[in-house]
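1. Curious how this folds, go ahead:
(one chain, ligands or ions: 1)
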Amino acid sequence: MSTLVYMKMLEQNPVKYDRGMRIITVGRIDRIKREIATAWIDPGHDVLEIGCGTGSLAALMTARGARVVGIDISDNMLAAARRNAPEAEFIHMTATEIGMLGEGRFDRIVATLSFSELSEDELDHVLSTSFVILKRSGRLVVADETPSTGWWKRTLARLVRWPLASLTFILTQNTTQALKMYDQRVERVGFRVVHRKVYLLGTLSLIVAEKS
Ligand SMILES: C[S@@+](CC[C@H](N)C(=O)[O-])C[C@H]1O[C@@H](n2cnc3c(N)ncnc32)[C@H](O)[C@@H]1O
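-> Residues are numbered from 1 along each chain as shown. The predicted structure is shown next:
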């Protein structure tokens with residue numbers, strides 16, 4: 001089977017996509033999603049999920065009693081999300097359009113492995129709009145690729161990342177970029193970083209920022 005046919009098959013198959021993400025993150029992403037749903041989401045919260053993918057996190061958050069709106073640009077992902085999290089609402093929308101969802105509407109905005117698919121300008125726009133559409137003291141909960149610090153960790157991370165990045169490309173036809181200067185960027189638009197946990201030599205982080 002040619003790589004192109006294989007890639008197209010995966011594109012049509014969000015179940016395999018999820019499995020691929022699990023392999024890429026050595027299972028950490030599932031644990032992080034469970035942690036987000038239990039530690040950062042309360043029953044009754046209004047939550048926006050950006051780049052919801054197959055809805056696995058949305059399902060955990062609705063089970064916790066939150067009202068969830070998920071957005072994504074992929075019709076295939078949204079179809080899977082509607083099956084996996086029937087209690088959530090899903091909208092075909094690009095991340096840069098979230099402003100139209102309404103000012104001061106959400107208690108939480110969550111994004112796992114989707115900010116790294118945005119360009120630098122898109123990310124800055126999404127961060128400043130997130131600040132506007134969150135309620136006062138609302139939180140932006142992000143788990144994504146981050147650059148590791150220290151030369152030996154960076155070198156080791158590059159060695160580990162090379163096959164993983166290739167696999168990401170095969171699975172998603174997307175290159176991703178680690179979130180650079182993320183703290184400075186969120187703080188520039190008015191957030192305060194209140195929590196950080198790192199995984200996989202610092203190449204994956206859970207970062208929570210509060211609208212102060
Ligand atoms: C690597 S997947 C992660 C999916 C899910 N959040 C997870 O952790 O399993 C990235 C998701 O972001 C979506 N995405 C990429 N660019 C986007 C954009 N500009 N606006 C909204 N969603 C986007 C993709 O379609 C894909 O579903």
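2. What's the local residue count around the residue lying closest to Gly70 once chain neighbours are set aside?
-> Nearest residue to Gly70 in three dimensions, chain neighbours excluded: Cys52, at 3.2 Å (Cβ to Cβ, 6 or more residues apart in numbering). From N, CA and C alone the C-beta is placed, and that goes for glycine too. Using other Cβ atoms under 10 Å, Cys52 has 29 other residues around it.
3. Tell me the buried residues in the helix or strand hosting Arg83?
-> According to DSSP states H and E, Arg83 maps onto helix 75-84. Using 16 or more other Cβ atoms under 10 Å as the test for burial, helix 75-84 gives Met77, Leu78, Ala80, Ala81, Arg82, Asn84.
4. same for it, what does it pack against?
-> In terms of contacts (3 or more Cβ pairs under 8 Å, 6 or more residues apart in numbering; DSSP states H and E), helix 75-84 is packed against helix 14-24, helix 56-63, strand 67-72, strand 89-92.
5. re earlier: considering the buried residues of helix 75-84, which is situated nearest to the ligand?
-> Nearest to the ligand out of these is Met77 (Cβ to the nearest ligand atom; 4.2 Å).
6. wait, the closest one sits on Thr54?
-> Yes. Under the criterion of Cβ atoms under 8 Å, Met77 makes contact with Thr54 at 5.9 Å.
7. any common contacting residues for those two?
-> Counting by Cβ atoms under 8 Å, 6 or more residues apart in numbering, the residues touching both Met77 and Thr54 are Pro14, Tyr17.
8. okay, Gly138: pLDDT?
-> Per-residue confidence (pLDDT) for Gly138: 98.
9. Let's see the pLDDT reported for the nearest residue to Ser205 once chain neighbours are set aside.
-> In space, and not counting its chain neighbours, Ser205 is closest to Thr146: 4.2 Å by Cβ to Cβ, 6+ apart. We have a pLDDT of 88 for Thr146.
10. Then Arg19?
-> For Arg19, the model assigns a pLDDT of 77.
11. if I pick it, what's in contact with it?
-> Contacts of Arg19 by Cβ under 8 Å, 6+ apart: none found.
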